[in-house]
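Visitor: fold the following for me, if possible:
(chains A and B)
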There are 2 protein chains.
Amino acid sequence: MYKLKNIISQALIFNSLFALGITEATAAGANVGLATVANQTVEANGIKFSFRSFGKKTGTPIVFLQHFTGTMDYWDPAVIDGLAKSHQVIVFNNTGMGHTTGKVADSIDQMTKDANAFINALGYKQVDLVGFSMGGFIAQELAAAHPDKIRKLVLVGTSNKGGGDHLLKVLGEAFAQANIDPRQYLFFTQTANSQAAAKEFIARSSTRKDRDPEISKEDMNSHAKALITWANTPDPEFSLLKSIKQPVLVVQGSNDTMLDTANSIAMYQNLTNAQLVLYPDSGHGSLFQYPADFVSKVANFLN
Amino acid sequence: MYKLKNIISQALIFNSLFALGITEATAAGANVGLATVANQTVEANGIKFSFRSFGKKTGTPIVFLQHFTGTMDYWDPAVIDGLAKSHQVIVFNNTGMGHTTGKVADSIDQMTKDANAFINALGYKQVDLVGFSMGGFIAQELAAAHPDKIRKLVLVGTSNKGGGDHLLKVLGEAFAQANIDPRQYLFFTQTANSQAAAKEFIARSSTRKDRDPEISKEDMNSHAKALITWANTPDPEFSLLKSIKQPVLVVQGSNDTMLDTANSIAMYQNLTNAQLVLYPDSGHGSLFQYPADFVSKVANFLN
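Guide: The predicted structure is shown next:
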């Protein structure tokens, strides 16, 4: 139905290319940050969640929700460490990812329940969310289901429910690019500036020594099913968006070919209280192309 | 042709309501700022331009271009003084406005030439621009005509050339609101939050003791002609926007009824290098509703 077989065979190449990047890892900096802070573990519902938490201990903590196939190491240290200067930042691997135990879920609904259990296990009564791509799907579901627990949310490079029509086509095109990290194709545009930013991002996100284990073939299959199902579940009245009453910052690149930039405009228009930021000359990963600006905007929005 | 007579008779009420606000002025603060700094004069092309200039003397100075009928006192001290913390800020009255000599122009083209003469007279080789509403029209023309002189520009609550279809209708509705400052109707939405912000803005912008003289009936006529003519001059291929190569920050409210919010999206899409920010629950004057956030975004964009 969703040509999942094609996606997975292509995704395996994706995965092996991700692994290539890892072998190019350089020494991590001495300061505490995403690439250096020790992994921690917290248990909830029989799952041992692997996470990293650091930063300024004031205000509302920020929980980050990751993209398709990504572990904690797929975040940009420039973004996470930048926000850690003003907030407690928490990145984690959801069920079955990295060192987190359990079986990777094949639905956004289950991922949302697991993320909620993780947040509860940390003992936080209220958090802010930054959800990127598939993580933005989970962030929307969490915000709608837990209006008191989720104070504000940032939705970046993501889409409304049912907005992912181009996903299969573009993933196929990305995986057809030989010998480059697919993030360089999907997260950035083909201009010289954007491609230079891509290389800087990939270098920044490749410095950790004890990186999380990569996703398996089976788990990638589950991720793909969850992603594609949610993105193709019709919600023509935007009822999920309309049920979210919290303040939302919607951020998107000018040329996101995976999840249409136009969807971010629709999200802004259908959310109760949203601010929209669209960056120039950028693809799916605009937060990784403009990390300093993104950090500034998110910090301002959350303060 | 443009029902100018109607506009002007309505605009006179607009003008007298502006004057009402002035009688409510309170004592200005002790620190140097928009409401307290002394007016200066510089001469160019036989015109004596009245202006105020203050702030940090590093980096590229910011020149502000004002809206329909507005003098220097119609800026928000929270915006101007906020940006003065990191930049030299320059507000001025274009030809014939406030204490500036000469005859108010009735075309954006002439206003652009006069603004350029003013900038030259200050001796600046390069400046950044913040153009609000009609000031954004002038900013676009200046940036296109002087690519070396104009480094970056911020276009807020404004429109592409030919984008002002709703202008007459909405001005009429605004002027039909009895006993309120039309800015409260045009620059903000009708929600409690936005209306509260409107009152705070009008209070902030009413503190100067030696306010600029208000615009005359004749000069308002010229302003209206310039505004409406430019906003209704077709540019279906966005050739003016496409000729602007400088980085642009486009900022707009969610519900600008004077100059459609959709036009700001079109500007973002047709400019070579633009970032778009759309605020929630806001009208034409989003920069006055969210001054601290606006200052932060502009300062980041210009740095």
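Visitor: from residue A:199, how far out is whatever residue of the stretch 51-200 of chain A ends up closest to chain B?
Guide: Residue nearest to chain B within the stretch 51-200 of chain A (C-beta to the nearest C-beta): residue A:193, separated by 9.5 Å. Every residue, glycine included, has its C-beta placed from N, CA and C. Between residue A:193 and residue A:199 the computed distance is 11 Å (C-beta to C-beta, to the nearest Å).
Visitor: again, but for residue A:272
Guide: With distances taken as C-beta to C-beta, residue A:272 is found 39 Å from residue A:199.
Visitor: give me the nearest residue to the residue of the stretch 51-200 of chain A closest to chain B, chain neighbours excluded.
Guide: In this structure, residue A:193 finds its nearest non-sequential neighbour in residue A:281, 6.2 Å apart by C-beta to C-beta, 6 or more residues apart in numbering or on different chains.
Visitor: that neighbour contacts residue A:189, doesn't it?
Guide: Yes - Residue A:281 lies in contact with residue A:189 (C-beta atoms under 8 Å); the separation is 5.6 Å.
Visitor: quick one: common contacting residues for these two?
Guide: Applying C-beta atoms under 8 Å, 6 or more residues apart in numbering or on different chains, one finds that residue A:281 and residue A:189 are jointly contacted by A:254-255.
Visitor: list the residues that contact the closest residue to residue A:92 other than its chain neighbours.
Guide: Nearest residue to residue A:92, sequence neighbours excluded (C-beta to C-beta, 6+ apart): residue A:51, at 3.7 Å. Residues in contact with residue A:51 (C-beta under 8 Å, 6+ apart) are A:39-42, A:72, A:90-93, A:118, A:122.
Visitor: try residue A:161
Guide: Residues touching residue A:161, when contacts are defined by C-beta under 8 Å, 6+ apart, comprise A:137, A:140, A:230-231, A:233, A:235, A:240-241.
Visitor: nearest to chain B among the residues you listed?
Guide: residue A:241 (13.1 Å).
Visitor: check which helix or strand covers that closest one.
Guide: With elements delineated by DSSP states H and E, residue A:241 resides in helix A:239-242, which encompasses its position.
Visitor: contacts made by that helix with the rest, please.
Guide: Helix A:239-242 has contacts (C-beta under 8 Å, 6+ apart) with A:140-141, A:144, A:160-161, A:235, A:267, A:270-272.
Visitor: show the average pLDDT along that helix.
Guide: For helix A:239-242, the mean pLDDT works out to 98.
Visitor: check which residues of it are buried.
Guide: A:240-241 (16 or more other C-beta atoms under 10 Å in any protein chain shown).
Visitor: what parts of chain A come near chain B?
Guide: Contact residues (C-beta under 8 Å from any C-beta of the partner chain) of chain A with chain B: A:247, A:254, A:265, A:268-269, A:273-281, A:293, A:296-297, A:300-301.
Visitor: can you say which of the contacts of residue A:161 are buried?
Guide: Buried by 16+ other C-beta under 10 Å: A:137, A:140, A:230-231, A:240-241, out of the contacts of residue A:161.
Visitor: switch the residues you listed over to TSV; also include distance to residue A:217.
Guide: Written out in TSV, the entries for these read as follows (distance: C-beta to C-beta, whole Å):
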residue	distance to residue A:217
A:137	22
A:140	28
A:230	21
A:231	21
A:240	31
A:241	34
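Visitor: of those residues, closest to residue B:35?
Guide: residue A:241 (41.4 Å; C-beta to C-beta).
Visitor: so who does the nearest residue to residue A:124 once chain neighbours are set aside touch?
Guide: Nearest residue to residue A:124, sequence neighbours excluded (C-beta to C-beta, 6+ apart): residue A:61, at 5.8 Å. If you count contacts by C-beta under 8 Å, 6+ apart, residue A:61 has them with A:53, A:87-90, A:122, A:124, A:127-128.
Visitor: next: residue A:187.
Guide: Contacts for residue A:187 were tallied using C-beta under 8 Å, 6+ apart; they are A:157, A:198, A:201, A:283-285, A:288-289.
Visitor: neighbours of the residue nearest to it when sequence neighbours are not counted, just the number please.
Guide: The spatial neighbour of residue A:187 that comes closest, neighbours along the chain excluded (C-beta to C-beta, 6+ apart), is residue A:285 at 2.8 Å. The burial metric for residue A:285, expressed as a neighbour count using other C-beta atoms under 10 Å in any protein chain shown, is 26.
Visitor: residue A:285 contacts residue A:157, doesn't it?
Guide: Yes - applying C-beta under 8 Å as the test, residue A:285 and residue A:157 come out as touching, 6.2 Å apart.
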